[in-house]
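*Asks:* just to be clear, the model below is a prediction. Sequence and coordinates:
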Amino acid sequence: MLATGPSTIRDVKQAETLARRAVASAPDQAIYLNTLGIALYRTGKYSEAIPALEKSLEQNAPFNQPYDLLFLAMCHAESGEIEKSRQCQNRASQLMTEHANGQSKVWHEELLEFTDETNATLALCEARSTGSASEDHE
């Protein structure tokens, strides 16, 4: 909740601190790596978030990989890597479709919220990228 809950109750600095401790004690636990990656993303530390999320992705079961991929998509978008962002987003969507049956309502709702956030972030970053590209040509 500290990293992924509603913005009104998030405490991403505390989430980062706690996630770093958890990763230090259990460095191969996908849930800790994912939480660290999300907290780093939320604090604007995209280049630090990417390796944590990639390692989580490697450790995670396929039905949980969309959690990593959507935040990787946002990290890449914020880093100006729009194509990598789209690739992560597309893979997350594919996995969500493949693993939709048998998942909880919470799984569906949470991933839909993160998908909406990813779409908004990607659109904003694309607009920012397009705007700076057109400014470069003036």
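*Replies:* On my side now, so go ahead. Residues are numbered from 1 along each chain as shown.
*Asks:* quick one: low-confidence parts of this structure?
*Replies:* Flagging of the chain using pLDDT under 70 yields the residue ranges 1-6, 9-10, 132-138.
*Asks:* hey, which helix is longest across it?
*Replies:* helix 105-136 (DSSP state H).
*Asks:* from Leu95, how far out is Gln29?
*Replies:* Gln29 is 20 Å from Leu95, where distance means C-beta to C-beta, to the nearest Å. Glycine gets a C-beta too; all of them are placed from N, C-alpha and C.
*Asks:* between those two, which one's more packed in?
*Replies:* Shown here are Gln29 and Leu95; by other C-beta atoms under 10 Å, Leu95 has more neighbours (19 against 14).
*Asks:* just the angle between whatever helix or strand that one lives in and helix 105-136, please?
*Replies:* Remark: Leu95 resides in helix 82-98, with elements defined by DSSP states H and E. Helix 82-98 runs at 160 degrees relative to helix 105-136, counting by axes from the mean of the first three to the mean of the last three C-alpha atoms, to 10 degrees.
*Asks:* what comes up buried for stretch 109-119?
*Replies:* By 16 or more other C-beta atoms under 10 Å, the buried positions in stretch 109-119 come out as Leu111, Phe114, Thr115, Thr118.
*Asks:* same question, stretch 118-130
*Replies:* Neighbour counts over stretch 118-130 (16+ other C-beta under 10 Å) mark Thr118, Thr121, Leu122, Cys125 as buried.
*Asks:* you'd agree Phe114 is up against Leu70?
*Replies:* Yes - counting by C-beta atoms under 8 Å, Leu70 is a contact partner of Phe114 at 4.5 Å.
*Asks:* show me the contacts for Glu48.
*Replies:* Counting by C-beta atoms under 8 Å, 6 or more residues apart in numbering, Glu48 touches Leu40.
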